[in-house]
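Enquirer: Quick one, fold the following:
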Amino acid sequence: MKAVAFRKALPITDPESLTDIELPQPIATGRDLLVKVKAIAVNPVDYKVRQLLPPADGEHKVLGWDAVGEVVATGEEVTQFKPGEIVYYAGDLDPSGMDIERFLTDAIRYFELDVKQVRVQRVAVTEEQVDKFQLPSRPEDVETLTKLV
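Expert: Numbers count the residues shown, from 1 in each chain. All right, here's what the predicted structure looks like:
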């Protein structure tokens, strides 16, 4: 499964500052939710972690601790969520970040999201992200983004 990670703190303009990696597909057990990530946010925590908490030599760290996604699987102890529900996560630095296709963590860290209450007003992405993730690139397509969530 695809993820975006860093190996050491480099200027964001450096091509190696963030790299695409492949990770094994996680499996939900116990109180875990496996969530297909639909949208992530970059916030000051991502910047600070990248600058101040580098991974061990030879390792990588995935950023992203604010995200929205769809539950695809639950552990056997999870009763409050079911596959297909849309959830959001405001992170905890213990698990890996959510700049990843599918994210696994304790269900207690998630909240149900009522997508009828969500209105996308502004989306900021680079041209590279538009191409890589096949996102709508015209302002008139913002309505389409709401359907992604």
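Enquirer: and residue 70, how many residues sit next to it?
Expert: Neighbour count of residue 70, defined by other Cβ atoms under 10 Å: 17. Every C-beta, even on glycine, is put in place using the N, C-alpha and C of the backbone.
Enquirer: I misspoke; the intended subject was residue 53.
Expert: Residue 53: 10 neighbours (other Cβ under 10 Å).
Enquirer: What of residue 34?
Expert: Neighbour tally, residue 34, other Cβ under 10 Å: 21.
Enquirer: for the record, mean pLDDT for the helix or strand hosting it?
Expert: For residue 34, the host element (DSSP states H and E) is strand 32-40. The pLDDT scores in strand 32-40 average 88.
Enquirer: now the angle between strand 32-40 and the helix or strand that that strand is followed by, please.
Expert: Counting by DSSP H and E, the next helix or strand C-terminal to strand 32-40 is helix 44-52. For helix 44-52 against strand 32-40, the angle by axes from the mean of the first three to the mean of the last three Cα atoms, to 10 degrees is 100 degrees.
Enquirer: re the thing from before, what residues does the strand holding residue 34 touch?
Expert: Residues from elsewhere that reach strand 32-40, judged by Cβ atoms under 8 Å, 6 or more residues apart in numbering: 26-28, 64, 66-75, 78, 81, 86-87, 89, 98-107, 110, 148-149.
Enquirer: That's all I had, so thanks and see you.
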